[in-house]
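>>> Sharing a model prediction with you, sequence too.
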Amino acid sequence: MNGIAVVTGGTRGIGRCIAEKLLGAGYKVFVTYARDERAAASFMADFPDLSAVQLDGRSIDQVQALRDRILADGALSVLVNNAGITGDGIFLNASHEAFNQVMDTNFGSTLNYCNVFAPAMASARFGNIINISSVAATKVKLGNTAYGCAKAAIERLTLGLALELARFDVKVNGIAPGFVDTDMFKAFAQGSERDIFKSIPGRKIMTPEEVANMVFLLVSRQFNTTGTILKVGNGENIG
């Protein structure tokens, strides 16, 4: 057993692949989800050692309750902040509430999990925090202002925490994928996948498993670094 891991937004897509990778490596894994109880139940049926917890990451009280539950079992070794929404739309047409929802769900929840779990890792003098960002943090596209701002904030949080936690042997890194073959990508593409592929130098998109492999390289410290944002993809994140 390699300890305990938490993967937010971990019942589908990239999150599920990350969780499966950690389960296979011997971690006791907790995944969080917001609404999809069917996906959570299906995942737990496939992996009896998995715990799926429904909570709102925007609520620090709920995140603290999860921390208390986990620390009663042992020390947390891995935190992967993966949960998020896109909420694409033209800024001039979007409501203040819609913009804030994207910021709160993506950046706010990541901030809450780091705020709650980083001190415990520092006290244990060991830990790995991986924040999932996006090419949108640095590459601007029409309609993704809110999402891009949230991901840029996540990257800046990652770097700041890495600097503060390095002396406690807590590694904090980020992964910024380009397009990944998930339900979120399909919702974004809305049938224009062919045109998107043509716009990518490599003419393909990443798989969730490839992102999970990158996470595991960092978690296992096969790639031993901190304060690193890995920009991965098939050329769409160049420039």
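Yes, it's here.

>>> In the chain, mark out all the helices, start to finish.
In the chain, the helices defined using DSSP state H lie at 13-24, 37-46, 60-71, 96-103, 109-124, 145-165, 183-189, 193-199, 208-219.

>>> Taking the centroid of this structure, which residue is nearest it?
The centre of the chain sits closest to Asn82, judged by CA atoms, centre = their mean, with a distance of 1.7 Å.

>>> Is it correct that that one is in contact with Ile132?
Yes - contact criterion CB atoms under 8 Å: Asn82 and Ile132 qualify, at 4.6 Å. For glycine as for every other residue, the C-beta is placed from the backbone atoms N, C-alpha and C.

>>> Quick check: neighbours shared by the two?
Residues touching both Asn82 and Ile132 (CB atoms under 8 Å, 6 or more residues apart in numbering) are Ile14.

>>> how many neighbours does the nearest residue to Ile90 once chain neighbours are set aside have?
Leaving aside its chain neighbours, Ile90 sits nearest to Gly143 (5.8 Å; criterion: CB to CB, 6 or more residues apart in numbering). Look at Gly143: counted by other CB atoms under 10 Å, it has 16 neighbours.

>>> go on, Gly108?
19.

>>> Show me where this protein dips below the pLDDT cut-off.
Applying pLDDT under 70 to the chain flags residues 1, 189.

>>> which residues touch Leu157?
Contact analysis of Leu157 by CB under 8 Å, 6+ apart lists 107, 110-111, 114, 131.

>>> Burial-wise, tell me which of the helices of the chain comes out on top.
Sort those by mean neighbour count, taking mean count of other CB atoms under 10 Å, and helix 13-24 sits at the top with a mean of 24.

>>> neighbouring contacts of that one?
With CB under 8 Å, 6+ apart, helix 13-24 has contacts from 2, 5, 7-10, 29, 31, 39, 43, 47, 49-50, 78, 80, 82-83, 132, 177, 180, 182-184, 208-209, 211-213, 215-216, 219.

>>> If I take it and helix 37-46, what angle do their directions form?
Our comparison of helix 13-24 with helix 37-46, counting by axes from the mean of the first three to the mean of the last three CA atoms, to 10 degrees, yields an angle of 20 degrees.

>>> Nearest residue to Ala136 in space, please, no chain neighbours.
Gly148 (4.3 Å).

>>> ok, the one you found to Asn106 distance?
Applying CB to CB, to the nearest Å, the value for Gly148 to Asn106 is 10 Å.

>>> Which residues are in contact with Met214?
175, 230, 232.

>>> can you do 6 Å?
When contacts are counted by CB atoms under 6 Å, 6 or more residues apart in numbering, Met214 touches 175, 232.

>>> Now do it against Thr138, distance only.
17 Å.

>>> Dig out what Lys28 forms beta bridges with.
Counting by DSSP bridges, Lys28 is bridged to Ile4.

>>> That one reaches Val6, doesn't it?
No - using CB atoms under 6 Å, Lys28 is not in contact with Val6; the gap is 10.0 Å.

>>> List the contacts of the residue lying closest to Arg67 once chain neighbours are set aside.
Of all residues not flanking Arg67 in the chain, Val116 sits nearest, at 5.0 Å (CB to CB, 6+ apart). If you count contacts by CB under 6 Å, 6+ apart, Val116 has them with 63-64, 67.
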